[in-house]
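Asker: I'll drop the sequence and a predicted model, then ask my questions.
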Amino acid sequence: QVQPVESGGGAVQAGGSLRLSCAASRSSYCPADMSWYRQAPGKEREFVSVVEPDGSTRYADSVKGRFTISQDNSKNTMYLQMSSLKPEDTATYYCKIREYCKSGSYSFWGQGTQVTVSS
């Protein structure tokens, strides 16, 4: 079982920066991708960014050029550096780890961390 734990959320003014962290210990050796999603009040959860098992990264168009995803395997931690924040970035941010094992694929979600951007 994998339990991602997010941290680093908070309140910031537009144009500011925050860095989110997602820490998770994994016992399996299955390849895994680690991603960030977010959910604003009254809206569906949406994809933000992912780092694939091969280290490649993808971003939602809405955050491209402003957010940077990275990971530190020695610390079992993934980060999301968010810059030039906008009020529309306000949401609860969730970390997801998806393992791809021979027995199947398994997704694990964190509890979320709140990001509030004021204008």
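Answerer: Perfect, I can see it now.
Asker: Specify the beta-bridge partners of the spatially most central residue of the chain.
Answerer: Most central in the chain under C-alpha atoms, centre = their mean is Trp36, positioned 2.4 Å from the mean C-alpha point. For Trp36, the beta-bridge partners under DSSP bridges are Ser49, Cys95.
Asker: residues touching it, list them.
Answerer: The contact partners of Trp36, by C-beta atoms under 8 Å, 6 or more residues apart in numbering, come to Leu20, Cys22, Val48, Ser49, Val50, Ile69, Met78, Leu80, Tyr93, Tyr94, Cys95, Lys96. Where C-beta positions appear, they are placed from N, C-alpha and C, glycine not excepted.
Asker: could these be laid out in CSV, adding distance to Val2?
Answerer: Compiled in CSV, the contacts of Trp36 are given as follows (distance: C-beta to C-beta, whole Å):
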residue, distance to Val2
Leu20, 18
Cys22, 11
Val48, 19
Ser49, 19
Val50, 16
Ile69, 18
Met78, 12
Leu80, 18
Tyr93, 18
Tyr94, 14
Cys95, 10
Lys96, 10
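Asker: mind putting the residues you listed in CSV, neighbour count, distance to Arg58 and pLDDT included?
Answerer: Converted to CSV, those look like this (neighbours: other C-beta atoms under 10 Å; distance: C-beta to C-beta, whole Å; pLDDT from 0 to 100):
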residue, neighbour count, distance to Arg58, pLDDT
Leu20, 24, 17, 98
Cys22, 26, 16, 97
Val48, 23, 10, 98
Ser49, 22, 7, 98
Val50, 19, 5, 98
Ile69, 21, 9, 98
Met78, 26, 14, 95
Leu80, 26, 13, 98
Tyr93, 23, 16, 98
Tyr94, 21, 16, 98
Cys95, 26, 16, 97
Lys96, 21, 13, 97
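Asker: right, and out of those, which lies closest to Ser28?
Answerer: Nearest to Ser28 among these: Lys96, at 15.7 Å, using C-beta to C-beta.
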